[in-house]
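Participant: Mind folding the following:
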Amino acid sequence: MSHFVPETAIDHDAVIRRGGRNLGDEDFALFKCPGCRAVYLLEYEVDTVYLDGTDLSKRFDATDSAQEFVCLGCNTAVPNGAWAGPKADDTFRVTWQELKASSWAWVATPLRSFGDET
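Facilitator: Residues are numbered from 1 along each chain as shown. I've put the predicted structure just below:
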């Protein structure tokens with residue numbers, strides 16, 4: 001079994017309750033900066049990056065391809081490409097331990113034990 005947090009573990013209701021509503025029909029996934037491992041929540045229906053797990057009003061509009069996403073943790077540009085989903089490189093995938101250590105720890109719950117989520 002994977003030690004990465006699957007999209008299916010994200011608690012959509014909790015995201016919405018905390019102010020994460022976007023345009024309706026939200027689809028959420030986690031990704032991290034490959035440089036410093038800062039964790040972010042992506043709403044990939046309209047390409048919105050939630051920047052802070054304690055304040056979901058802080059967002060980056062990733063639909064503007066002219067503006068690169070700069071990681072708040074290390075101040076470097078996050079490479080373009082698939083940050084989440086089946087085409088994402090493992091350097092973007094978030095492990096349970098990385099999630100637990102981030103401000104996003106509340107966003108997902110393991111559906112079954114993967115061995116490294118505690």
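
Participant: shaky segments in this protein?
Facilitator: Residue ranges of the chain with pLDDT under 70: 1-2, 111-118.

Participant: for it, what spans make up the strands?
Facilitator: For the chain, strands defined by DSSP state E occupy the ranges 28-32, 39-43, 48-50, 59-61.

Participant: From the chain's centroid, how far away is the second one?
Facilitator: For strand 39-43, the distance between its averaged C-alpha position and the chain's averaged C-alpha position is 2 Å (C-alpha atoms, centre = their mean, to the nearest Å).

Participant: ditto for the first one
Facilitator: Offset of strand 28-32 from its chain centre (C-alpha atoms, centre = their mean): 2 Å.

Participant: Please apply the same query to stretch 54-66.
Facilitator: 12 Å.

Participant: For it, measure first residue to last.
Facilitator: Terminal residues of stretch 54-66 lie 28 Å apart, using C-alpha to C-alpha, to the nearest Å.

Participant: which stretches of this protein form helices?
Facilitator: Shown for the chain, the helices assigned by DSSP state H span residues 12-15, 96-100.

Participant: Good, wrapping up.
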